[in-house]
Structures are given as structure tokens and as C-alpha cells.
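Student: Here is a sequence with its predicted model. Questions after.
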Number of protein chains: 2
Amino acid sequence: MRNNGEERDAALVQSVDRAVAILELLARNGEAGITEIAAELGVHKSSASRLVYTLRARELVEQNGERGPFRIGLGMLEFAGAVTGQLDCVRLGGPVCSTLAERLGETVNIAVLDGNRAVNVSQARGSSAVAAQNWVGRRTPLHATSSGKVLLAGESPESQERLLAGDLEPCAPRTITDPVRLRAVLRRTAEDGYATCIEELEPGLHAVAVPVFGAHGDVVAAISAAGPAYRLSQKRIPEIVDELRTASRDLSVRMGHPVS
Amino acid sequence: MRNNGEERDAALVQSVDRAVAILELLARNGEAGITEIAAELGVHKSSASRLVYTLRARELVEQNGERGPFRIGLGMLEFAGAVTGQLDCVRLGGPVCSTLAERLGETVNIAVLDGNRAVNVSQARGSSAVAAQNWVGRRTPLHATSSGKVLLAGESPESQERLLAGDLEPCAPRTITDPVRLRAVLRRTAEDGYATCIEELEPGLHAVAVPVFGAHGDVVAAISAAGPAYRLSQKRIPEIVDELRTASRDLSVRMGHPVS
DNA sequence: GCCCTCCGTTGCGTATTACGGAACACGGTG
DNA sequence: CACCGTGTTCCGTAATACGCAACGGAGGGC
């Protein structure tokens, strides 16, 4: 059991790669013991133990007392702070996000483009939080989210084609998988200044997003509101778009977008 | 140049330790190139290159294009989300923090105890943000911060002694370094229900903090407001404490603290 | 109270693995 | 065009991290 499935890139530093895999595992599962970690990575217990020991020494991993399962440690926040510190839209968007979430009563996210994915960099939960899950850090496909469509629509046609190279993976029954239809949707998104996502990412989940503009008038981020289908009905969309636009204008100005 | 200064724990996995050191370096400096990283860690360029390559493959590190300096990557947010997701006070405290920061116009932080340090887990900047720096993830000494004193005062006497074992390191001219005086301050903190920090951490920096209580009536976190000395004057303190208390009560209730 | 099981850690020998050295590409610059 | 400073690639070596097995502790069932 040398390779767990796929071929390992020889240029990677094995132990570092494994260490990161442990962190990802913990981020996914919340908690795990050494034995579980070792089994999951396909390495020996002793190896897993040593890796975890190293991570613990750096406080990237912690456990309740002296014994018991491990979880992501507080030391991680230092790095998270470094990320959010360099992203203006996080620093400035936090408050915007919170107030908007309160007004709408729905979960509000700010997402930016990262490679061919949309990454949620900030989140605020609405008062009526059902099954409140954490979306921060989640990478979602561009064609199956409202934020993704908005970010995509803000790119040049060439970028769009490049980012959409490859198949449009279906995430839910209603995901747009036809490139032709997606292009049409993106055109409308650019015209309307907002995008929706009606059960295209997860069944029962609706979302709406609007762009945030940077100093040069380009789309630097997207603000989205998401909620269960029964609450985020189609006829509420105009109202929500209005609220999102107000917040977006506010944020855009703070990011240096010339007032229109 | 095998050991860069201190003796290395043989049980540590060297490459993982170095990888984390790289991340810490980037978190501190913001950006760095391979050569700089290698020099800083005291390793060969090729080693640094490989470590960075591995981290980049996992998106913990990124660079602008194909070339140029490296910085902490967005992949980190996934882990940060995992941390904040498991900490109720972050999840629930975010909005509280934001609104309070807006009302006060000062930077507001939520901190929890981690070992013998106070870690800021959430932050919101006030409108009048001067030299707005990021405190999230920063570990501060307990005796030199308002949050630290509050957290400390909420511990049992035995814990207090244990946490304060060792010298009280001076951080600024006015840091409390006398154990006897610190004990007196902690007693007053417990009585008054708040603590101040008057240029004890950094010259020109004032702060006030109040405790947040958990389900069992214990102190689980501290909310603090910080600002420049000229603005956070002594006579504004009562007003700020009032605001902090309101927010703290709100947050405490949300965290399951029985309403008093 | 005892044993039994499960979990995580520690020593140890080995060969895999990551390291350091040097040469190599690639831009930017004078 | 040559030069400097990047970062990457190749290669041989030995340090290093790995797997194995035995150990020590906690908890649970009988």
C-alpha cells in the first residue's frame, strides 16, 4: 500500500503532503484519532502519530486534554488572518456581510475567483439559520453557483472559455451542463447584473448573487444570499437583488470603485 | 547549518516542521520568494523550492501568476473554517463583534484561552480605523492584555498560578511585571467584571475587556475594545464597558448561559 | 478486582526519501 | 549581448522518515 489510489507526484515532499492530507481530513471530519487517520491515509500508525505530533507542536492540531481525538488547532487562525488580511474584500466585506445577513435573514457569502473555482471568503448567517453550514473556504464550481456565474460573467470571453474548458459537471438534477445554454445564461447575467442558482448546486437550495466591483471597474468578488427553496422563492428574488445591490455598491465603493 | 539556532526535537518530522515554518514566515512577512525563504530557514534553495511546490499543490500557498513571490493561499480558509466552525464563540460572536465595532467606532476582538496565551478568534474593525491591523490568530500574553486579564480572572486560583508560572515578560513600559500587583489586579477584575489595559501591551494602545460566560457559568471568552490612547481615554471607559457588557450578555445567552 | 481490548507512543533497523550541491533555464537590466 | 538574480532540475548520498513490533495506559466488561 505505497500509493493510496492515484500516482504520487515525485516532486512532492511526501511527509508534507501527508501532513496536509491530515489537516484536510480533520477539517472534513471535525475530529479523528491516530488510528483513524492512519487508516484513511493508508500509512502506519507510527507515521501518522509522528506527523500529528509535529503539527501539534506548531499548534495546527490540538486535542482536548492529553488524550483523545485530534482536531484543527487555533494556530491555524494565524494563517487565516494572513489570508483575509491581504484580501480587501474580506476585511471590508465582513461588516457588509453581517448587516445584510441580518436584514435578509438568510446566509450571505462573499466569493472570489480562484483558478476555475469560486471560493467563499466570508460568510454571515441569517437569523433564520436552518442547518447552518459553514461555506467559508469551500470551492464551488463556477457553473453551478450564483456567485460563480457572476464572477464568470465579469471575465473576458477568452477567460470564460478557458475557465469552462472541460465538462460541466452535474452537481444536482438542475445543474446547467449544456455549454450553449450556460453561455446564454452568462450573457443575461452580465446584462441583468445578477445571477440565480435554482437547485443547481444542491437540491432544495436557492441562491442569488450580484457582482462587487474593484477600482478598475472589474468584477473582484460576488455577494450572494442563499437559502432553502421554500423560503427563497422566485418572487422574493427582486427584493433580495435590491438588497444585495445596495450592499454591493457600498462594498464596491469601499474597495475603490469610482462612484457611478 | 543543520540546526538554525535551537536544538531540533528528534521526534518532529523535519520536512513538515519546515513547511509550517514557511507558512509562518509568509504569514508574518506577507510575501517572500524562494531565495528569501531558504535563507530564513537556513536550508538549501532546492529544499525550499520543493516544500513550497508541495504546499502550492495543496493551495496553502499561492503566487500571482506563474512567477513571483509567494504568499499564503486561499486553501487555508478551508481550515480556518473548520476552526471557527467548532468554536461557538466565533460562529455566534461574529455579528455581535461587528455591530459593537460599529457602535463604538473602535476595533473589537473576541479572545479565548489557549494554553497560557490569549488568542483572538474574531475581530471587527470600527469605522474610525487607524492603522487597522489584523489581530485574528495573534497570541498575546495574559498579563499584558485586557482580554488576558479577564480570561485569567475567570480561572480558578490554581489555574491562575499555573498559567502565570514563569516571569511576567515586559511588553511595554507599563506592563505589569510584579506578580503581587497582578494578583491584586485580577481580584479587582473579578469584582468589577471588566479589565483594562493602559499601554501595557504597546505604547499608545488602550483596551477594555469583559468576560463572556458559557452554559456552566464559566468564562469562555473575552470581548475587548481597543484603540489609540488619545481616543480611548480613561473617562470613556465606563461608557465602553456598558456597551461591551450589553454585547457580552447577548453573546453569553446565545452560548447557553442561563439568563441572570 | 481482574483481564482483555483498543489506542497511542517508543525503539529500532532499513531503505526510502528528502536533502544539498551544481548546473541549468529564464527574465530583467545595464 | 552579457550579466545578475530568479527559481527549477538532475543526481548521488546519507540522513531521515518509514514500517514493524513491542510497550504502556485507559477504559470496559465480566
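Tutor: That came in fine, so what should we check first? Residues are numbered from 1 along each chain as shown, chains lettered A, B, ... in the order given.

Student: What is the burial count for the residue in the stretch 151-260 of chain A that DNA strand D sits nearest to?
Tutor: Residue nearest to DNA strand D within the stretch 151-260 of chain A (Cβ to the nearest atom of the strand): A:Arg162, separated by 21.7 Å. For glycine as for every other residue, the C-beta is placed from the backbone atoms N, C-alpha and C. Applying other Cβ atoms under 10 Å in any protein chain shown, we find 11 other residues in the vicinity of A:Arg162.

Student: For the residue in the stretch 151-260 of chain A that DNA strand C sits nearest to, give its distance to A:Leu152.
Tutor: Of all residues in the stretch 151-260 of chain A, A:Arg162 sits closest to DNA strand C, at 19.2 Å by Cβ to the nearest atom of the strand. A:Arg162 sits 11 Å away from A:Leu152, going by Cβ to Cβ, to the nearest Å.

Student: sorry, back to before: confirm the residue of the stretch 151-260 of chain A closest to DNA strand C sits in a helix?
Tutor: Yes: A:Arg162: assigned to a helix according to DSSP: H, G, I helix; E, B strand; the rest coil.

Student: measure it to A:Ser156 for me?
Tutor: Where A:Ser156 is concerned, A:Arg162 sits at a distance of 9 Å (Cβ to Cβ).

Student: do A:Leu251 as well
Tutor: Applying Cβ to Cβ, the value for A:Leu251 to A:Ser156 is 23 Å.

Student: And A:Asp192, by the same measure?
Tutor: 19 Å.

Student: can you check A:Leu51 too?
Tutor: Distance check for A:Leu51 against A:Ser156: by Cβ to Cβ, it reads 43 Å.

Student: of the two, who's got more company?
Tutor: Legend: neighbour count by other Cβ under 10 Å for A:Leu51 and A:Ser156, higher for A:Leu51 (27 against 9).

Student: Give me the distance from the helix or strand containing that one to the chain's centre.
Tutor: Element membership for A:Leu51, per DSSP states H and E: helix A:45-57. Its chain's C-alpha centre lies 29 Å from the corresponding centre of helix A:45-57 when counted by Cα atoms, centre = their mean, to the nearest Å.

Student: neighbouring contacts of it?
Tutor: Helix A:45-57 is contacted by residues A:15, A:18-19, A:22-23, A:34-35, A:37-38, A:41, A:61-63, A:70, A:73, B:9, B:11-13, B:16-17, B:20 when judged by Cβ atoms under 8 Å, 6 or more residues apart in numbering or on different chains.

Student: Report the secondary structure state of A:Pro95.
Tutor: For A:Pro95, the assignment made with three-state DSSP gives helix.

Student: Now do the helices in the stretch 1-150 of chain A.
Tutor: For the stretch 1-150 of chain A, the helices defined by DSSP state H, counting those that start in this stretch occupy A:14-29, A:34-41, A:45-57, A:76-86, A:88-104, A:146-153.

Student: Could you identify which of those helices is most buried?
Tutor: Compared across the helices of the stretch 1-150 of chain A, helix A:146-153 shows the largest average neighbour count, a mean of 28 (mean count of other Cβ atoms under 10 Å in any protein chain shown).

Student: Do me a favour and average the pLDDT over that helix.
Tutor: Averaged over helix A:146-153, pLDDT sits at 93.

Student: Could you write out the alpha-carbon coordinates of it in PDB?
Tutor: What follows is helix A:146-153 as a C-alpha-only set of coordinates in PDB (Å, rounded to 0.1, in the frame of the first residue of the first chain):
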ATOM      1  CA  SER A 146     -24.900  32.100  -8.400                       C
ATOM      2  CA  SER A 147     -21.600  33.600  -7.300                       C
ATOM      3  CA  GLY A 148     -19.700  31.500  -9.900                       C
ATOM      4  CA  LYS A 149     -21.900  32.800 -12.700                       C
ATOM      5  CA  VAL A 150     -21.500  36.400 -11.600                       C
ATOM      6  CA  LEU A 151     -17.700  36.000 -11.400                       C
ATOM      7  CA  LEU A 152     -17.600  34.300 -14.700                       C
ATOM      8  CA  ALA A 153     -19.800  36.900 -16.400                       C
END
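
Student: could you say what helices and strands it packs with?
Tutor: Judged by 3 or more Cβ pairs under 8 Å, 6 or more residues apart in numbering or on different chains; DSSP states H and E, the packing partners of helix A:146-153 are strand A:107-114, strand A:117-124, strand A:139-141, helix A:179-192, strand A:195-198, strand A:205-213, strand A:219-228.

Student: got JSON lines for those, with mean pLDDT too?
Tutor: Formatted as JSON lines, the helices and strands packed on helix A:146-153 follow (pLDDT from 0 to 100):
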{"stretch": "strand A:107-114", "mean pLDDT": "88"}
{"stretch": "strand A:117-124", "mean pLDDT": "85"}
{"stretch": "strand A:139-141", "mean pLDDT": "87"}
{"stretch": "helix A:179-192", "mean pLDDT": "91"}
{"stretch": "strand A:195-198", "mean pLDDT": "93"}
{"stretch": "strand A:205-213", "mean pLDDT": "92"}
{"stretch": "strand A:219-228", "mean pLDDT": "90"}
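
Student: Dump those into a markdown table; add distance to B:Asn120 as well.
Tutor: A markdown table is the format used below for the helices and strands packed on helix A:146-153 (distance: least, Cβ to Cβ, whole Å):
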| stretch | distance to B:Asn120 |
| --- | --- |
| strand A:107-114 | 21 |
| strand A:117-124 | 17 |
| strand A:139-141 | 27 |
| helix A:179-192 | 38 |
| strand A:195-198 | 34 |
| strand A:205-213 | 27 |
| strand A:219-228 | 25 |
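
Student: what's the spacing between the closest residue to A:Arg254 other than its chain neighbours and DNA strand C?
Tutor: Using Cβ to Cβ, 6 or more residues apart in numbering or on different chains and skipping residues adjacent in sequence, the residue nearest A:Arg254 is A:Leu92, 4.7 Å away. Computed as Cβ to the nearest atom of the strand, to the nearest Å, the A:Leu92 to DNA strand C distance reads 31 Å.

Student: Show the contacting residues for A:Leu92.
Tutor: Contact analysis of A:Leu92 by Cβ under 8 Å, 6+ apart lists A:251, A:254-255.

Student: who wins for most neighbours among the residues you listed?
Tutor: Within the contacts of A:Leu92, A:Leu251 tops the neighbour count with 24 neighbours, counted by other Cβ under 10 Å.

Student: Assess the claim that A:Glu31 and A:Ile72 are in contact.
Tutor: No: A:Glu31 is beyond contact range of A:Ile72, at 9.4 Å (criterion: Cβ atoms under 8 Å).

Student: hey, what's in contact with both of these two?
Tutor: Residues touching both A:Glu31 and A:Ile72 (Cβ under 8 Å, 6+ apart): there are none.

Student: Same drill for these two, tell me which one is more crowded.
Tutor: Between A:Glu31 and A:Ile72, counted using other Cβ under 10 Å, the more crowded position is A:Ile72 (28 against 14).

Student: hey, what's the more buried one bridged with?
Tutor: Taking DSSP bridges as the rule, A:Ile72 bridges to A:Val61.

Student: domain assignment for chain A?
Tutor: Following automatic domain parsing, chain A resolves into domains at A:14-78, A:87-254.

Student: quick one on the thing from earlier: can you tell me which of the helices of the stretch 1-150 of chain A is nearest to B:Glu102?
Tutor: helix A:88-104 (6.7 Å; Cβ to Cβ).

Student: that older thread, please tell me how far the residue nearest to A:Arg254 sits from B:Gly81.
Tutor: To B:Gly81, A:Leu92 is 19 Å away according to Cβ to Cβ.

Student: same thing with A:Arg58?
Tutor: Taking Cβ to Cβ as the measure, A:Arg58 falls 19 Å from B:Gly81.

Student: Low-confidence ranges, chain A, go.
Tutor: Applying pLDDT under 70 to chain A flags the ranges A:1-10, A:64-66, A:85, A:91, A:126-133, A:215, A:256, A:258-260.

Student: can we see that at 50?
Tutor: A:1-6, A:129-131 (pLDDT under 50).

Student: Identify the residue nearest A:Ala38 in space, chain neighbours excluded?
Tutor: Per Cβ to Cβ, 6+ apart, closest to A:Ala38 is A:Ala48, 3.8 Å.
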